[in-house]
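Peer 1: 3D, please:
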Amino acid sequence: MAKPTAKDSGRGSDVDAVAQKQRELQLEQDRKDKAAQSEKGSDKPPKPVQAGTREHPANPLPGQHLAKPGLEAQMQLEPQFLAPDYRGSGKLKGMTALVTGGDSGIGRAVAVLFAREGADVAIVYLNEHEDAEETRRYVEKEGQRCLLLPGDVKDTKFCQQAVEKTIAEFRRLDVLVNNADFQLHAASLEDITDERLEETFHTNIFGYMKMARAALPHLKKGASIINTGSVTGLQGSAKLLDYSATKGAIHAFTMSLASNLVEKGIRVNAIAPGPVWTPLNPADSPPDTIVDFGKNTDMKRPAQPEELSPAYVFLASPACSSYITGIVLPITGSVGS
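Peer 2: A predicted model of the protein is given here:
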């Protein structure tokens, strides 16, 4: 006796209907794909993503090239650092923070929000006195004290003196933010001289370690260290070979020091920014390149410093992150990086 077919069993019409439904769904998606391809071919530039409470600048950026170390006061497009919609709630009340590279860019934005949360702030910077004075003005406007400490983080003696002066002025140290760095692009490894290599490594990773070493005797339970890493330390960068290497080292240093200090109740974390509009980049990239800075992120624009500074507050505050140590937090404007 022959076995019954699907049709004989009454299921033929059902499966045919399912197949027809799938074809209809396919045709619908085909139409959408065709329309999307047509839209893509219209040469409309991708729109930058604005996900915050106010608009942030998008490309093209000013084609400006700054002399190093780069002054924020000379930038044609001023970075946004004030975070006007951020309301302080005493997360760092009574604390003292020392921020290297605090005169401008991310460091300035961090100093301002730390002050808004109730911390006094010591600012370490190289020789950008005009920028540093502006940062102090905004910190004091938040009702907190600000100490300016010009000097070179490559110098062991200066790192020790910066910490000692901070303790003498504020009687305590609760948060160290290692943020000062040196960046210079190069087309190939052969273009990076020993002098450049040493400047990058001694500033970016040696400086971080020296400043942390100087601060440690004064840090107590509940204190924290926050290091500024980079997306280049996560993914590498073809034109920032030495810089990327130092940022990878900073990430490893962060996790290692976190393990070393965890039993003392001192937390160590890092933030890995993507492209951020600060003096660092116009002081590195040529004018024809800087106009497209940050355009290749998923957000199609660079970040502004005020879009990163709340994360530093989060990692600095024991009320927010007492159970977080040894992380590298990417803030890159792209998915999955």
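
Peer 1: show me where the chain has its helices.
Peer 2: Assigned by DSSP state H, the helices in the chain fall at 12-40, 105-116, 129-141, 156-170, 194-201, 207-215, 231-235, 241-261, 287-290, 309-316, 318-321.

Peer 1: mind listing what's buried in the fifth one?
Peer 2: I take that to be helix 194-201. Using 16 or more other C-beta atoms under 10 Å as the burial criterion, the residues of helix 194-201 that qualify are 200-201. Heads up, the C-betas are built off the backbone N, CA and C, glycines and all.

Peer 1: next one: the fourth one
Peer 2: Counting neighbours by 16+ other C-beta under 10 Å, one finds that the buried residues in helix 156-170 are 158-159, 162-163, 165-167, 170.

Peer 1: mind picking the one among those residues that's closest to residue 93?
Peer 2: residue 170 (13.5 Å; C-beta to C-beta).

Peer 1: pull the contacting residues for the closest one.
Peer 2: Contacts for residue 170 (C-beta atoms under 8 Å, 6 or more residues apart in numbering) come out as 96, 120, 122, 145, 147.

Peer 1: can you list the low-confidence ranges for this structure?
Peer 2: Low-confidence segments of the chain (pLDDT under 70): 1-11, 39-44.

Peer 1: centre-most residue in it?
Peer 2: Centroid-nearest residue in the chain: residue 273, 2.4 Å away (criterion: C-alpha atoms, centre = their mean).

Peer 1: that one touches residue 231, doesn't it?
Peer 2: Yes - using C-beta atoms under 8 Å, residue 273 is in contact with residue 231, at 6.7 Å.

Peer 1: which neighbours do the two share?
Peer 2: residue 332.

Peer 1: and residue 277, what is it in contact with?
Peer 2: By C-beta under 8 Å, 6+ apart, the contact set of residue 277 is 57, 61, 77, 79-80, 293-294, 302-305.

Peer 1: same thing but at 10 Å, please
Peer 2: With contact set as C-beta atoms under 10 Å, 6 or more residues apart in numbering, residue 277 has these partners: 56-57, 61, 75, 77-81, 105, 290, 293-294, 301-305, 307.

Peer 1: ok, back up a step: between the buried residues of helix 156-170, which is nearest residue 116?
Peer 2: Nearest to residue 116, judged by C-beta to C-beta, of those is residue 170 at 17.1 Å.

Peer 1: ok, now how distant is that closest one from residue 73?
Peer 2: Distance from residue 170 to residue 73, counting by C-beta to C-beta, to the nearest Å: 27 Å.

Peer 1: now distance to residue 220 too, for the buried residues of helix 156-170, in a markdown table please.
Peer 2: Formatted as a markdown table, these follow (distance: C-beta to C-beta, whole Å):
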| residue | distance to residue 220 |
| --- | --- |
| 158 | 24 |
| 159 | 19 |
| 162 | 19 |
| 163 | 14 |
| 165 | 19 |
| 166 | 14 |
| 167 | 12 |
| 170 | 14 |
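
Peer 1: tell me which two of the residues you listed sit farthest apart.
Peer 2: Across the buried residues of helix 156-170, the longest distance by C-beta to C-beta is 18.2 Å; it joins 158 and 170.

Peer 1: hang on, the earlier thing: buried subset of the contacts of residue 170, written for ChimeraX?
Peer 2: The buried residues among the contacts of residue 170 can be selected in ChimeraX (16+ other C-beta under 10 Å) with this line:
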select :96,120,122,147
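
Peer 1: tell me which of the contacts of residue 170 is nearest to residue 324?
Peer 2: Residue 324 lies nearest to residue 96 out of the contacts of residue 170, by C-beta to C-beta, at 20.8 Å.

Peer 1: beta partners for that closest one?
Peer 2: residue 120 (DSSP bridges).

Peer 1: need the contact list for it.
Peer 2: Residues in contact with residue 96 (C-beta under 10 Å, 6+ apart) are 114, 119-122, 144-145, 147, 166-167, 169-176, 218, 223.

Peer 1: which residues does residue 332 contact?
Peer 2: Here residue 332 is in contact with 230-231, 234-235, 272-276, 297-299, 303 (criterion: C-beta under 10 Å, 6+ apart).

Peer 1: residue 249 too?
Peer 2: Applying C-beta under 10 Å, 6+ apart, the residues near residue 249 are 201, 204-206, 208-209, 229, 233.

Peer 1: now those residues in JSON lines, with distance to residue 268?
Peer 2: Output for the contacts of residue 249, formatted as JSON lines (distance: C-beta to C-beta, whole Å):
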{"residue": "201", "distance to residue 268": "20"}
{"residue": "204", "distance to residue 268": "17"}
{"residue": "205", "distance to residue 268": "14"}
{"residue": "206", "distance to residue 268": "17"}
{"residue": "208", "distance to residue 268": "11"}
{"residue": "209", "distance to residue 268": "12"}
{"residue": "229", "distance to residue 268": "12"}
{"residue": "233", "distance to residue 268": "16"}
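
Peer 1: tell me the buried residues within these.
Peer 2: Buried members of the contacts of residue 249, scored by 16+ other C-beta under 10 Å, are 201, 204-206, 208-209, 229, 233.

Peer 1: out of the residues you listed, who's nearest residue 254?
Peer 2: Of all the buried ones among the contacts of residue 249, residue 254 sits closest to residue 229, with 7.1 Å by C-beta to C-beta.

Peer 1: appreciated, that's everything.
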